[in-house]
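Participant: Predicted structure and sequence below. I'll ask about it afterward.
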Amino acid sequence: MILFDLPVYQFIMSMFTTSSSVVTLMSFFTSFGSTLVIVSGILCVAILYKNKKYFFNFLSACLIGTILNNLIKIIVRRPRPTNTMPFTYESSYSFPSGHTMMSTIFYGLIIYYVYKNMKNKKLKTFIICILSLIIFMVGLSRVYLGVHYATDVLGGYIFGIIYLVVFIRLMNKFENRKLKNK
């Protein structure tokens, strides 16, 4: 891990200063993967769409994703980085990054719905790019802030993508079965 994690951390730190404005910017991006922002996002889906299906899909995707993330953390039990300059404090295990995994699941599900339902191609491309940038920046910010190794973030992306693909397939299978029975 040191052969990969430490050089990546050093590279990220060489690309960004440790000024208070950069720390604030990275803290802003990391907040997009926080429980508060994701739960607020799920509630916004419920309020804006007034569609129980979307609300249930987002709620169950994120709830099961959180449980899966915590199970993996308990199984792996990787401690947080000690050779970094932490700008924030985290108390749980390090692998996989929960912020990264949950932002991949939550914003990834939004990307899926935008891709599937939005007709305006330019707007669709713009929204997908912004959401993809948010997912990327959440992971980058976790390494910058010194609370995760790069492999924790990579694990968060990998587990998040695999879980999201499986979740979407099961969701579509369930919805198709429901339509056939009507």
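Facilitator: That came through fine.
Participant: low pLDDT regions in this structure?
Facilitator: Residues of the chain meeting the criterion pLDDT under 70: 1-2, 84-88, 182.
Participant: show me the biggest helix of it in terms of residues.
Facilitator: helix 150-180 (DSSP state H).
Participant: For the protein, which segments are assigned as helices?
Facilitator: 2-15, 20-31, 35-49, 52-76, 98-117, 121-144, 150-180.
Participant: Give me the angle between the second one and helix 98-117.
Facilitator: For helix 20-31 against helix 98-117, the angle between stretch directions is 60 degrees (axes from the mean of the first three to the mean of the last three Cα atoms, to 10 degrees).
Participant: what does the longest one give?
Facilitator: Comparing the axes of helix 150-180 and helix 98-117 via the same axes, to 10 degrees yields an angle of 40 degrees.
Participant: in this protein, which residue is closest to the centre?
Facilitator: For the chain, the residue nearest the mean C-alpha position is residue 103 (1.8 Å; Cα atoms, centre = their mean).
Participant: tell me the contacts of the closest residue in space to that residue that isn't next to it in sequence?
Facilitator: In space, and not counting its chain neighbours, residue 103 is closest to residue 33: 3.9 Å by Cβ to Cβ, 6 or more residues apart in numbering. For glycine as for every other residue, the C-beta is placed from the backbone atoms N, C-alpha and C. Residues near residue 33 by Cβ atoms under 8 Å, 6 or more residues apart in numbering: 97, 98, 99, 100, 102, 103, 138, 142.
Participant: Most widely separated two among those residues?
Facilitator: By the measure Cβ to Cβ, 102 and 142 form the most distant pair in these, at 11.4 Å.
Participant: between these two, which one's more packed in?
Facilitator: Neighbours of residue 102 and residue 142, each counted by other Cβ atoms under 10 Å, are more numerous for residue 142; the result is 28 against 25.
Participant: isn't the more buried one right up against residue 98?
Facilitator: No. Using Cβ atoms under 8 Å, residue 142 is not in contact with residue 98; the gap is 9.2 Å.
Participant: Need the residues touching each of the two.
Facilitator: 33, 156.
Participant: list the buried ones in stretch 33-47?
Facilitator: 33, 37, 38, 41, 42, 45, 46 (16 or more other Cβ atoms under 10 Å).
Participant: Make a markdown table from the contacts of residue 33 and add distance to residue 155 to it.
Facilitator: Below are the contacts of residue 33 laid out as a markdown table (distance: Cβ to Cβ, whole Å):
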| residue | distance to residue 155 |
| --- | --- |
| 97 | 7 |
| 98 | 11 |
| 99 | 12 |
| 100 | 8 |
| 102 | 13 |
| 103 | 14 |
| 138 | 14 |
| 142 | 11 |
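Participant: Alright, that wraps it up for me.
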